[in-house]
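Q: Sequence and predicted structure are below.
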Amino acid sequence: MNELRRDATPPEPAVAAAVERRGRDPSQLLQLLRELQEHYGWLPPAAIGSLARELRLPLARVRGVASFYSFLSMEPAGRYRVLFSDNVTDRMQGSTGLMTEFCRSLWLEPGRVAENGLISVDTTSCTGLCDQGPGLLVNGRAIPRASPERLELMRELILAERPVEDWPAELFVIEDNVRRRHILLDAGLRPGEALAAAIARASAAGPESAASARSWREGIPQGDGAALAMLREIEASGLRGRGGAGFTTAAKWSACRAAPDGPRYVVCNADEGEPGTFKDRVLLTSHADLLLDGMTVAALCTGAREGFIYLRGEYRYLLERLTATLEKRRRTGLLGRSLLGHKGLDFDVSIHVGAGSYVCGEESALLESLEGKRGIPRNRPPYPVTHGYLGRPTVVNNVETLCAAALIAVNGGDWYRAVGTPKSAGTKLLSVAGDVARPGVYEYPYGVSVREVLGDAGARRTLAVQVSGPSGTCVDAAEFDRRIAFEDLPTAGAFTVFDDTRDMFEVARAYAHFFAHESCGFCTPCRVGTSMLVGILDKIHRGRGSLHEIEEMSRLNPVLQASAHCGLGHTACNPVIDTLKRFRPAYERHLTKLRFAPDFDLDAALGEARRMTGRDDPGAHFTGEG
Amino acid sequence: MSTQPTFELDGFEVPFDDGQTVLQAALAAGRYIPHLCYHPEFTPHGSCKVCTARVDGRTVATCTTPARAGMRVESANEEMDGLRSTLVQMLFAEGNHFCPSCETSGNCVLQALGYDLGVLTAGFRHMFPVRPVDASHPDILLDFNRCVLCELCVRASREVDGKGVFAIAGRGIDKHLVVNSESGRLADTDIALGDKALEVCPVGAILRKGVGFSVPIGSRRYDLRPISAQALNDAPRTRKEPP
């Protein structure tokens, strides 16, 4: 051990222990940084340096990773780090005013750490509590339903320096808010039932499976039979990915299975980051066994022996509960070696927790992050099904897709296909939030109209619905008969409702800020373009807008569409283009000049001189602006 | 060699070897596609997007798109050059690029691309970021104002020098180049004057001190020939021998 160490600096004890726990594995870098962030409350230079030495990584690389993720901080944060969720739904529920008042009551400026180091307050991207917002994170723990009373309680607890672990449990109660159930939320399967059903399908498998050239795993009584029979059901079901792209699940699994021999992986994408989406939160909270059954079925079909759940950092509070579920499944033969007593049928799952990055929901960025790197989407081809985690064949599926696969294992592909529309089989969970009486998770067969959802959720005087979040589509009242389906309005699940009191320009501006904040910065068009878009919208917001700005935005859109590296950049202008098309007056109301208005305000620029000289007479003002 | 596969680029037939990307094959065949972060000696990574072209109807970065037989590439047209101009303008607006006072003027790929594509202004509002220079090293100056984040120095230091002197930190518009030392200063890294990483900067971000004007402005690389001609000179023209 000592001979391995090149220099004499002793490692930080917390770093040494964490590195040892994770097997001195550099691919665990992000998990280690996250654990050290939890331990220290930030990432002190000594800890980062020690970590780089222990993992034998260049210090610049460790800093590069640490600076990529929002929840990792290389500057001291407050001992209590309070982050207000900043989705547009949080704002509609009053988060901006609550944060201002909270800061005022603590004599604090947002984004700054208090002089005594006690507390820092800032905003963060949507935390997935839109149905019970405004949402908060306090030292990484989620708190719903922020209100003046609850914030006052928090303030007292913080000033008394009570550890967050000892705060009243009531503060952290998060409801499922399931409002409508169908085949998935109503499944009621026992843990392991889907896996047992998938294995049993082998007995129905015909001779062709025995003739299959590829032996999945020696020693399984059924050989390839179970896998092929199960894959056929997935194919028959018509199941498509629920994360947004809608890729055919059977094609993905088959391609991974057909990839050259060697280890392969099943990854569950639980990085539900699209603003306004929270349905995976409910699945992870109350249907974790269904998800794990689905992952195990995927492993059976692809030949994977190892799986990961990539859990978004905002859902860190679910880690202990999910870990307990994994433990229980290991004890009951549903995870680990010889699943359900079948020798050679091995599969285990570990959980990787994200650290605040929306782009990691993109599957190849997720894999980079899983390998402990900056979450930059990869160049494709090659695709993850052949070159995924650590360059090995990997399937990455959304939480909801894997849960649906478990249902199909039990009930069969034809049963599943009978629900929904011909091109969109099955059901879709919608995260309904915004201006509705009953926000929450609604499960519908595909093909449901926007109008029907609005009716069920108790929406009144609806102006617009943002379907699938900012990267999706904004529809207005003329389009409420459109249907949630891959062939009409595809969605990853967000369904955010705006009534006629809302300013759609401000909605689009909030979404533009989100994309600029979450751009990974890899490619020129997205890195620069999203920032420019924010600059233009902010200028209009300041009352300095003209047609020039509208034209500039229309010029940025095709550039991002055509040349951005990934979906984030492709869709970053959508909220602006969609709302410009449908709610142009909302923009025009903010415009002050026809052709061009300079952003530079000479009179405002003189303000500092006026303050310094104590003057405010007409002669100290510039009025000649034209 | 008549069996060599080909694809079509703007109506011309371009032969390619297995493993070549569209841009590599095009340059080898004497067909120029504007590019910035691509360098023939390093693994392409496709971040600047200047080499974007329409391939079988989809716009993709040609430096990272593997060549396939029969594909149809449309590159030399108004739409693609317009896209490239905007990308070059974005880079000009993002950093602090003052060509008249820059010692790399005439040797600068960004400037040369601008001239070649007819870019006359940044076209967008300048962002004027505050980026202090690092003059700590006795022989090398780092001027982050001009960095276009092509990561060539990162790749060169890692792939050729085996050092990892340079890395990328931050994200989004805050993404920036960093160096590998406790202090964050170049003087405290293990960079050496012979390092490949020193040679590859396409702009004036990594500079050798004391030689800035040894070649006078007016007789520099892109003063003599436009980048579209220079790039073809630089591209490997001989094909790889089959193993």
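A: Alright, I've got the coordinates.
Q: what about residue B:77, how many neighbours?
A: If you count neighbours by other C-beta atoms under 10 Å in any protein chain shown, residue B:77 ends up with 12. Just so you know, the C-beta spots here come from the backbone N, C-alpha and C atoms, and that holds for glycine as well.
Q: contacting residues around it?
A: Applying C-beta atoms under 8 Å, 6 or more residues apart in numbering or on different chains to residue B:77 gives the contacts residue B:10.
Q: Show the backbone phi and psi for it.
A: phi -150, psi 170 (degrees, to the nearest 10).
Q: Next one: it from residue B:83, what distance?
A: 10 Å (C-beta to C-beta, to the nearest Å).
Q: Could you do residue B:50 as well?
A: Distance from residue B:50 to residue B:83, by C-beta to C-beta: 9 Å.
Q: give me every residue that touches the closest residue to residue A:543 other than its chain neighbours.
A: Leaving aside its chain neighbours, residue A:543 sits nearest to residue A:592 (5.5 Å; criterion: C-beta to C-beta, 6 or more residues apart in numbering or on different chains). Residues near residue A:592 by C-beta under 8 Å, 6+ apart: A:543-546.
Q: Go again with 10 Å.
A: With contact taken as C-beta atoms under 10 Å, 6 or more residues apart in numbering or on different chains, residue A:592 is in contact with A:540, A:542-546.
Q: now residue A:270
A: Residue A:270 neighbours (C-beta under 10 Å, 6+ apart): A:280-281, A:283-284, A:291, A:308-312, A:315, A:318, A:322, A:351-354, A:361, A:366, A:398-399, A:402.
Q: Phi, psi for it please.
A: Dihedral angles (degrees, to the nearest 10) for residue A:270: phi -110, psi 40.
Q: Of the contacts of residue A:592, just say which sits nearest to chain B.
A: For chain B, the nearest member of the contacts of residue A:592 is residue A:544. The distance, counting by C-beta to the nearest C-beta, is 11.6 Å.
Q: burial count for that closest one?
A: 19.
Q: Verify the stated contact: it with residue A:601.
A: Yes - counting by C-beta atoms under 10 Å, residue A:544 does reach residue A:601; the two are 7.5 Å apart.
Q: And the strands in chain A?
A: Here chain A has its strands, by DSSP state E, at A:80-85, A:119-124, A:136-138, A:141-143, A:178-180, A:265-270, A:306-311, A:348-353, A:394-398, A:427-434, A:440-445, A:462-467, A:473-476, A:494-499.
Q: Need the contact partners of the third one.
A: Applying C-beta under 10 Å, 6+ apart, the external contacts of strand A:136-138 come out as A:71, A:80-85, A:90, A:95, A:98-99, A:102, A:119, A:121-122, A:124, A:127, A:129, A:142-146, A:150-151, A:154, A:157-158, A:164, A:167, A:171-172, A:313-314, A:316-317, A:356.
Q: Quick check: PyMOL command selecting the buried ones in those.
A: Here is the PyMOL command that selects the buried residues among the contacts of strand A:136-138 (16 or more other C-beta atoms under 10 Å in any protein chain shown):
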select buried, chain A and resi 71+80+81+82+83+84+85+90+95+98+99+102+119+121+122+124+127+129+142+143+144+145+146+150+151+154+157+158+164+167+171+313+314+316+317+356
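Q: Leaving out chain neighbours, which residue sits closest to residue 66?
A: Because you didn't say which chain, this covers chain A. residue A:72 (4.8 Å).
Q: nope, chain B please
A: Per C-beta to C-beta, 6+ apart, closest to residue B:66 is residue B:21, 5.8 Å.
Q: Might you report the residue contacts of that neighbour?
A: A:379, B:27, B:38, B:44, B:46, B:51, B:61-67.
Q: List the single closest residue to residue B:94 in space, sequence neighbours excluded.
A: residue A:528 (4.8 Å).
Q: State the number of residues packed around the single nearest residue of the stretch 451-600 of chain A relative to chain B.
A: Chain B sits closest to residue A:521 of the stretch 451-600 of chain A, with a gap of 3.3 Å, by C-beta to the nearest C-beta. Residue neighbour count, defined by other C-beta under 10 Å, stands at 24 for residue A:521.
Q: mind checking pLDDT for the residue lying closest to it once chain neighbours are set aside?
A: In space, and not counting its chain neighbours, residue A:521 is closest to residue B:175: 3.3 Å by C-beta to C-beta, 6+ apart. Listed pLDDT for residue B:175 reads 97.
Q: center of chain A - which residue?
A: residue A:273 (1.9 Å; C-alpha atoms, centre = their mean).
Q: show me what contacts residue 36?
A: Since no chain was named, I'll use chain A. A:12, A:14-15, A:18-19, A:42-44, A:47-48, A:50-51, A:66, A:72.
Q: my question was about chain B
A: A:524, B:47-51, B:63, B:84, B:87-88, B:91, B:109-110, B:112-113, B:148, B:150, B:152, B:202-203, B:227.
Q: helices or strands up against the longest helix anywhere in chain B?
A: Assignment by DSSP state H gives helix B:78-94 as the longest helix of chain B. Here helix B:78-94 touches helix A:524-541, helix A:547-563, strand B:52-55, strand B:58-61, helix B:109-117, going by 3 or more C-beta pairs under 10 Å, 6 or more residues apart in numbering or on different chains; DSSP states H and E.
Q: Of all these, which one comes closest to residue A:248?
A: Nearest of those to residue A:248, taken as C-beta to C-beta: strand B:58-61 at 19.5 Å.
Q: Follow the chain on from that closest one and name the next helix or strand.
A: strand B:72-74 (DSSP states H and E).
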